[in-house]
Structure formats: C-alpha cells, structure tokens
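Participant: Next input, structure requested:
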Amino acid sequence: MDKKLWKLYFKTLLITLMGLCGLLAILYGVFMYTIGGLNRQSVDEGSLSVNEDLGVYGSQKIMNIALFGVDSQNEENKGRSDAIMIASVNGKTGKIKLISIARDTYVDVKDHGKTRINHAYAYGGPELAIQTINESFGLDITDYVSVNFDSLADVIDEMGGIELEVTEAERQQINNYLLKGEKLQESGLVHLTGPQAVSYSRIRKIGGDVMRGQRQRKVLECLFQKALEINPLAYPSYVRKFSPMVETSLSNDEILKVGSVGMKGGLMLEQAGLPNENIESDGVTIGGAWYFVYDLNQAADMIEKFIYHDVPFEQYGMDPKELAEGSNAATE
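Facilitator: Here you go, the predicted model:
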C-alpha cells in the first residue's frame, strides 16, 4: 500500500473513531439526563453481612437486589417495608427472578432482637433491611431500590393502569383500602387504576401475607408486561418521569448492567414467594404479636437453588431423576 493510501486509511479510521466517541458521549449524556432525578443513597457494604460463599457462582453474572415498597421515605420516618422482594437479574440469560418475603416473617434484627422482618427498614433504613435479609437467607445483596406506595400508584397510572382478575371479595377489600380515586365497581377481569392496584396489593384479610405477596407479584408482572409492550425509543421519557419516585443505591454502571439485561431478546420473568406450601410454616403469636415462623436455613437453601440452579420452589427436594422424567414427559 502506497503512502497516500496509508494516510487516507488512518484519516478515515481517525474520523470513524472520533464519530463513535462523539456518539457514545451523546448516549451517555442522554443516559445521565434520563436518570438525573434518582434519589441516590449509599450503603456501607461492610455492614451488610454479605454471604461470600456465593462468590463461587460469579461466572453466572447474577446480581441480587433488594426491592422495598414503603409507606414513607421522609427523614423523620423511614416507614416499614410492607413489600419486600429479592430481584435476581441474570446478565447471561436475561432471566429475572422475583422472590417475595412475607412481611411478618420472624427473624433476628441486629440490636433489636426477634421481630418481623419489615421492622428492620423502620429501625435502620435500607442498610439494616438488607443486612437482615442477607443474614436470614444467606444472600449477597449489596444494593436496593425503594418505592413509596403512593409513587407506585403514579407509576401504574403513567403506564395506563393494569388488567387483573379480581374476585368479589377482593373488590370489596380494594375499596376498603383505597386512599384516593374512584372505587372499583366490578369484579372479574377488570382494569385497575394506580391507587386501585396498590390497594389490591395491600389486601391482607384474604389469604393473609402469603396471598398478599402473590398479589404484589401479580401487579409487578403486569407492569413488566406493560414495559415489554412499550416502544424502546420511549423508555428514556418513562425513566425520566419515574426516577424521582425511586430511591436506590445502584451506581450508574450497575443501572446500565441491569438495563442491558432488559434490552435482551426473550426476557423472562419467574416468580416465587416465602413461605409457601413446600416449606413448613406456622402462624405463631409471640408477646401478643403474630408472626410467620419457618425454617430460615431451608428457605435460604430454596432461594439458592432457585436463583443459581433454576430449581423452582415447587420442585424443591424432588429427586433429580424424578425431575428429569417430568421434564422429558413435558416435551413429548
């Protein structure tokens, strides 16, 4: 290649690289603008009781994040985390797993003794809540996302509401819990506004905490499906609207990692909850307060197998041969 061609080659390469750098800078600027309203709060990772043994699964590129739905986020009153979930995001497969934990689960909260797991957030904010989850279930969570229930109602309304199958008993309870907006007039497959959906997710008098967790996961699943239907080009505007409603410890890099999973084709959502019919649990009154009491070590093992070995809770403890036979029968 002669000298002129070499100069042309390097000039073209340089212009291309400069163009790419400029494009990346623009995209990063759009990203920073989009998430600019997020309420960022740091946590001391050294105090979170992270289970280092889970490091053996590092090659799976799984990130576990605590999700909290709270009643208050002001400085004077952090509120109790009436909705507690673990979101497990798999960067390799694009699979997201949601595990809800009953708010009345009986655990040990550092410096506060045995009590409900949702009290940890009120006592020490997200940091103590994460530590309690890690210690109770052997996890490695270092980040969280909190959303106020009122804000969640606004998010649902911005997404156009959701459709859910609601029983007549649930309809009545929705109206009892409803804090604002119109009451729900019909049962069956209905369209719920944001306040109605939040009210639905807070029902406790039908099925107790276990069914309450199932309802919360149903609401999130509906939002998940709604998000998949949105034109990806509209995502930045939605994120910009919702970011002021969210408090999180996630860094920009971590948000980008989670976002990249969301952009994968074939995105899947799997859900589970504790306690469930596959783990022995009792409703026990201790000191005048009611709690869910179950084997936390077994629960931790169930969570580990679900997240890292794709063993659903309903298949926990089954013989591997039985699982293989069931899988083969399903494909025939």
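Participant: Name the helix or strand for the residue nearest to G138 when sequence neighbours are not counted, please.
Facilitator: Distance criterion C-beta to C-beta, 6 or more residues apart in numbering; nearest residue to G138, sequence neighbours excluded, is A300 at 3.9 Å. (Each C-beta comes from the backbone N, C-alpha and C, glycine too.) For A300, the host element (DSSP states H and E) is helix 296-309.
Participant: per the record, what domains does the protein have?
Facilitator: With domains defined by automatic domain parsing, the chain comprises 1-34, 35-313.
Participant: tell me the most buried of the ones you listed?
Facilitator: Among those, domain 35-313 has the highest mean neighbour count (mean count of other C-beta atoms under 10 Å), at a mean of 17.
Participant: measure the residue nearest to G138 to T115 for me?
Facilitator: 19 Å (C-beta to C-beta, to the nearest Å).
Participant: Please apply the same query to L98.
Facilitator: Distance from L98 to T115, by C-beta to C-beta: 24 Å.
Participant: can you check D53 too?
Facilitator: To T115, D53 is 26 Å away according to C-beta to C-beta.
Participant: ranges for the helices of the stretch 1-150 of the chain?
Facilitator: Along the stretch 1-150 of the chain, counting by DSSP state H, counting those that start in this stretch, helices occupy 3-34, 119-137, 149-158.
Participant: Check which helices and strands the last one is in contact with.
Facilitator: Which is helix 149-158. strand 62-70, helix 194-201, helix 208-229, helix 235-242 (3 or more C-beta pairs under 8 Å, 6 or more residues apart in numbering; DSSP states H and E).
Participant: Quick check: bridge partners of the most centrally placed residue in the chain?
Facilitator: Of all residues in the chain, the one closest to the mean position by C-alpha atoms, centre = their mean is A87, 3.9 Å from it. Applying DSSP bridges to A87 gives these bridge partners: I65, L98.
Participant: ok, now which ones touch it?
Facilitator: Each residue near A87 by C-beta atoms under 8 Å, 6 or more residues apart in numbering is listed here: 64-67, 96-98, 145.
Participant: What distance do you get for it to A120?
Facilitator: For A87, the distance to A120 - C-beta to C-beta - is 18 Å.
Participant: do K241 as well
Facilitator: Computed as C-beta to C-beta, the K241 to A120 distance reads 30 Å.
Participant: Repeat that for A299.
Facilitator: Per C-beta to C-beta, A299 is found 16 Å from A120.
Participant: Kindly report the same for R103.
Facilitator: Separation of R103 from A120 (C-beta to C-beta): 11 Å.
Participant: what's the overlap in contacts for the two?
Facilitator: Counting by C-beta under 8 Å, 6+ apart, the residues touching both R103 and A120 are S81.
Participant: Output the contacting helices and strands for the helix holding A300.
Facilitator: strand 62-70, strand 95-101, helix 119-137, strand 268-274.
Participant: that older thread, out of the domains of the chain, which gets nearest to D319?
Facilitator: domain 35-313 (12.0 Å; C-beta to C-beta).
Participant: what separates that closest one from the chain centre, distance-wise?
Facilitator: Remark: domain 35-313 is offset 5 Å from the chain centroid, using C-alpha atoms, centre = their mean, to the nearest Å.
Participant: Where does the prediction get shaky in this protein?
Facilitator: Within the chain, the set of residues satisfying pLDDT under 70 comprises 1-37, 72-80, 262-266, 320-332.
Participant: that older thread, quick one: contacts for the residue nearest to G138?
Facilitator: 136-139.
Participant: now, which of these sits nearest E186?
Facilitator: Nearest to E186 among these, with distances taken as C-beta to C-beta, is F137, at 39.5 Å.
Participant: so K97 touches A272, yeah?
Facilitator: Yes - between K97 and A272 there is a contact at 7.2 Å, judged by C-beta atoms under 8 Å.
Participant: so what sits against both of these two?
Facilitator: With C-beta under 8 Å, 6+ apart as the test, K97 and A272 both reach F306.
Participant: Quick check: phi and psi at H112.
Facilitator: H112 adopts backbone torsions of phi -130, psi 0, taken as degrees, to the nearest 10.
Participant: distance of the closest residue in space to it that isn't next to it in sequence from T132?
Facilitator: Using C-beta to C-beta, 6+ apart and skipping the chain neighbours, the partner closest in space to H112 is Y123 (5.4 Å). Distance of Y123 to T132, computed by C-beta to C-beta: 9 Å.
Participant: Now do the shared contacts for the two.
Facilitator: Joint contacts of Y123 and T132 (C-beta under 8 Å, 6+ apart) are V109.
Participant: re earlier: isn't the residue nearest to H112 right next to R116, touching?
Facilitator: No - applying C-beta under 8 Å as the test, Y123 and R116 come out as separate, 10.7 Å apart.
Participant: Need the helices and strands packed on helix 149-158 in TSV (columns: distance to L250).
Facilitator: TSV is the format used below for those (distance: least, C-beta to C-beta, whole Å):
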stretch	distance to L250
strand 62-70	7
helix 194-201	23
helix 208-229	17
helix 235-242	13
